[in-house]
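Chemist: Any chance you could fold what I've pasted below:
(chains A, B, C and D)
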2 protein chains.
Amino acid sequence: MVSVRDDLSDAEHNAILAAAGASRRFAAGKDIVTQGDRPGFSTLVVKGMTARYSTVEDGGRQITGLHIAGDFVDLHSFPLQLMDHSVTAITPCEVVTFPHQQLMHITENYPHLTRVLWLLTLLDGAIHRQWMVTKGRLTADEQMAHLFCEQFVRAQMAGLANAQSYPFPLTQAQFGDALGLSIVHTNRTLQRLRRTGALEWEDGVVEIFDWPQLRELGQFDPTYLHLEKLRR
Amino acid sequence: MVSVRDDLSDAEHNAILAAAGASRRFAAGKDIVTQGDRPGFSTLVVKGMTARYSTVEDGGRQITGLHIAGDFVDLHSFPLQLMDHSVTAITPCEVVTFPHQQLMHITENYPHLTRVLWLLTLLDGAIHRQWMVTKGRLTADEQMAHLFCEQFVRAQMAGLANAQSYPFPLTQAQFGDALGLSIVHTNRTLQRLRRTGALEWEDGVVEIFDWPQLRELGQFDPTYLHLEKLRR
DNA sequence: CGCACAATTGACACCAATCAACCCGCGTGG
DNA sequence: CCACGCGGGTTGATTGGTGTCAATTGTGCG
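Modeler: Down below sits the predicted model:
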């Protein structure tokens, strides 16, 4: 979402580059971090799409976040240490790890950069709250429209979107896990959305035909994505 | 939840005390911060219960978090500035404000204390994720049992609980807004829970009769509350 | 006394989960 | 080459959970 380079001085930029550790690749479907881990480093997505998820007793899975290039998927594990959920690769992924020791050095020496990292985790929290609202108080159609809107804006911010389309390489089952819906109902809801003519979703690409209508359907207001600049 | 004094050195403790600003009181039902505000300070609850919430077009309300004594309700507004949701007083509340200028001073001079503040916001995020999971993948009964469990543990951590009971001063309508259920269904779900004999909820107090059963019902695993200590 | 609010109950409609098929494209092995 | 399995998508039928509408009770308070 927000590139970590935003608003950074040269010194800060160099510090974050120096903190980067190993590059790693993950095949689609592989876990990048697993619930219960104490990873010792945090992971920045460089290429591909990842999902945070938790499972429940009956085997159900809930995806609690989707992350694309430029997102830290587990920056919270730096202060919290223990992973309370898993992160999996939706597509083949390329990531860079940031050892917590290096992040510690940053927090000891670069207060503004520390606030930027803090802010990145707060954006996740803001998105979490919005998902709670859509899950709790919107219909399946509205919720789905909202998620399509959100992902469009986030893809734009990451520079991954075209004027009217963006990559969205989920299966409908995964999409349903993010929405908290069954596969069947996800499929039917998607078909209703398609019939509105607001969008199409094919071959991992969402194409928006009628943005005002989609935004209206999903009651989408991007304020919670905090597109404005960070306080220095 | 976690008292901000945990793990703090004397110097850090003094710094946080020095950062405290005005004390304020709010009557039940009054907003402490409102969506769209740029408060310029963050608010720590000293007494009473507060709720974060957002509203949707049809007038529906979703409560995205409940906060008790010891919780910062809008610490995220320090890095993010703009409030993307509102916070209201469930009961009469006493709070202390921390001017962002003072928090800025802390982040410039107390790296470990900064990480503690960061951690507090990350705990909110972890709870958000858990709420998403219960909303998306558990039944109303399970979700309600889970919330009762969570609130019990959090009340214990704040020193507000007795051995088997804790204050829970919501109306059923507010409780339903937190669960994402209608008032009627909230009431019926509560009655089913009561009939299990696991708990009672009367006059703003929850009394737990059968903790193992309640925990089992709600599939409650407190890992996500990160009860362990912060990395120094 | 009258009123507002919280809790509760019944009847009903509807949204979404489940179960069960089926189609399709693709890769693989006989 | 073809049969087969498999994952992803789609559809129909049915069930069940949840929302909505409406009404009632009880309580506290002006």
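Chemist: Following the record's annotation, map out the domains of chain A.
Modeler: A:10-110, A:128-225 (automatic domain parsing).
Chemist: got JSON lines for those domains, with mean neighbour count and mean pLDDT too?
Modeler: To be clear about C-beta, it is placed using only N, CA and C from the backbone, and glycine gets the same treatment. Converted to JSON lines, the domains of chain A look like this (neighbours: other CB atoms under 10 Å in any protein chain shown; pLDDT from 0 to 100):
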{"stretch": "domain A:10-110", "mean neighbour count": "18", "mean pLDDT": "96"}
{"stretch": "domain A:128-225", "mean neighbour count": "18", "mean pLDDT": "97"}
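Chemist: DNA strand D: which of those domains is closest?
Modeler: Nearest of the domains of chain A to DNA strand D, taken as CB to the nearest atom of the strand: domain A:128-225 at 3.4 Å.
Chemist: Pull up the distance across the closest one, start to finish.
Modeler: End-to-end distance of domain A:128-225 (CA to CA, to the nearest Å): 11 Å.
Chemist: Same check on stretch A:77-95?
Modeler: Stretch A:77-95 has an end-to-end distance of 16 Å (CA to CA).
Chemist: wait, does that stretch contact DNA strand D?
Modeler: No. Stretch A:77-95 is not in contact with DNA strand D by CB under 7 Å from any atom of the strand; minimum separation 10.2 Å.
Chemist: tell me how far that stretch is from the chain's mean position?
Modeler: 11 Å (CA atoms, centre = their mean, to the nearest Å).
Chemist: Can you verify my assumption that A:Gln130 contacts A:Tyr224?
Modeler: Yes. A:Gln130 lies in contact with A:Tyr224 (CB atoms under 8 Å); the separation is 4.9 Å.
Chemist: Identify the contacts common to these two.
Modeler: Common contacts of A:Gln130 and A:Tyr224, defined by CB atoms under 8 Å, 6 or more residues apart in numbering or on different chains, comprise B:Asp84.
Chemist: Any idea which of the domains of chain A gets closest to chain B?
Modeler: domain A:128-225 (2.7 Å; CB to the nearest CB).
Chemist: ok, that closest one near DNA strand D or not?
Modeler: Yes. Using CB under 7 Å from any atom of the strand, domain A:128-225 comes into contact with DNA strand D via A:171-173, A:183-184, A:187-188, A:190-191.
Chemist: Now do the helix ranked longest in chain A and helix B:111-137, the angle between them.
Modeler: Counting by DSSP state H, the longest helix found in chain A is helix A:111-137. Helix A:111-137 and helix B:111-137 meet at an angle of 20 degrees, taking axes from the mean of the first three to the mean of the last three CA atoms, to 10 degrees as the criterion.
Chemist: from the chain's centre, how far out does the following helix or strand past helix A:111-137 sit?
Modeler: Per DSSP states H and E, the first helix or strand lying C-terminal to helix A:111-137 is helix A:140-157. On the basis of CA atoms, centre = their mean, helix A:140-157 sits 11 Å off its chain's mean C-alpha point.
Chemist: And stretch A:131-146, by the same measure?
Modeler: Computed by CA atoms, centre = their mean, the chain-centroid distance of stretch A:131-146 equals 17 Å.
Chemist: Could I get the full set of helices for chain A?
Modeler: A:10-19, A:77-80, A:100-109, A:111-137, A:140-157, A:172-179, A:183-195, A:211-218.
Chemist: now the residues of domain A:128-225 next to DNA strand D in TSV, with distance to A:Glu12?
Modeler: Below are the residues of domain A:128-225 next to DNA strand D laid out as TSV (distance: CB to CB, whole Å):
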residue	distance to A:Glu12
A:Thr171	39
A:Gln172	42
A:Ala173	41
A:Ile183	45
A:Val184	49
A:Asn187	46
A:Arg188	49
A:Leu190	43
A:Gln191	48
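Chemist: just those residues now: which is nearest DNA strand C?
Modeler: Checking these one by one against DNA strand C (CB to the nearest atom of the strand), the nearest turns out to be A:Val184, at 3.5 Å.
Chemist: tell me the contacts of that closest one?
Modeler: Contacts of A:Val184 by CB under 8 Å, 6+ apart: none found.
Chemist: Distance check, it against A:Gly136.
Modeler: In this view, A:Val184 and A:Gly136 are 22 Å apart by CB to CB, to the nearest Å.
Chemist: ok, the most centrally placed residue in chain A - contacts?
Modeler: The centroid of chain A falls nearest to A:His67 when counting by CA atoms, centre = their mean (2.7 Å). The contact partners of A:His67, by CB under 8 Å, 6+ apart, come to A:45, A:49-52, A:73, A:87.
Chemist: can you rerun that using 6 Å?
Modeler: Neighbour list for A:His67: A:45, A:50, A:73 [criterion: CB atoms under 6 Å, 6 or more residues apart in numbering or on different chains].
Chemist: Over to A:Leu82?
Modeler: Counting by CB under 6 Å, 6+ apart, A:Leu82 touches A:Arg38.
Chemist: can you pull up the bridge partners for the residue nearest to A:Asp31 when sequence neighbours are not counted?
Modeler: Residue nearest to A:Asp31 in three dimensions, not counting chain neighbours: A:Thr88, with 5.0 Å by CB to CB, 6 or more residues apart in numbering or on different chains. Counting by DSSP bridges, A:Thr88 forms beta bridges with A:Asp31, A:Ala51.
Chemist: Same check on the one 5 residues further on?
Modeler: Legend: beta-bridge partners of A:Cys93 under DSSP bridges are A:Phe26.
Chemist: give me every residue that touches it.
Modeler: Counting by CB under 6 Å, 6+ apart, A:Cys93 touches A:26, A:48, A:50.
Chemist: same deal with A:Arg137?
Modeler: Going by CB under 6 Å, 6+ apart, the list of residues near A:Arg137 reads B:56, B:60, B:62.
Chemist: how much space is there between the first one and DNA strand C?
Modeler: Read it as B:Val56. Going from B:Val56 to DNA strand C by CB to the nearest atom of the strand, to the nearest Å gives 13 Å.
Chemist: ok, now A:Asp31?
Modeler: From A:Asp31 to DNA strand C the distance is 23 Å (CB to the nearest atom of the strand).
Chemist: A:Ser86 is in contact with that residue, correct?
Modeler: Yes. The criterion here is CB atoms under 6 Å, and A:Asp31 meets it with A:Ser86 at 5.4 Å.
Chemist: any idea which of the residues of domain A:128-225 next to DNA strand D is closest to B:Met157?
Modeler: Nearest to B:Met157 among the residues of domain A:128-225 next to DNA strand D: A:Ala173, at 37.3 Å, using CB to CB.
Chemist: The closest one reaches A:Ile183, doesn't it?
Modeler: Yes. Counting by CB under 6 Å, A:Ile183 is a contact partner of A:Ala173 at 5.1 Å.
Chemist: Would you mind giving me the confidence score for A:Asp7?
Modeler: A:Asp7 carries a pLDDT value of 79.
Chemist: can you put the contacts of A:His67 in JSON lines and add distance to B:Ala163?
Modeler: Converted to JSON lines, the contacts of A:His67 look like this (distance: CB to CB, whole Å):
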{"residue": "A:Val45", "distance to B:Ala163": "46"}
{"residue": "A:Thr50", "distance to B:Ala163": "43"}
{"residue": "A:Val73", "distance to B:Ala163": "40"}
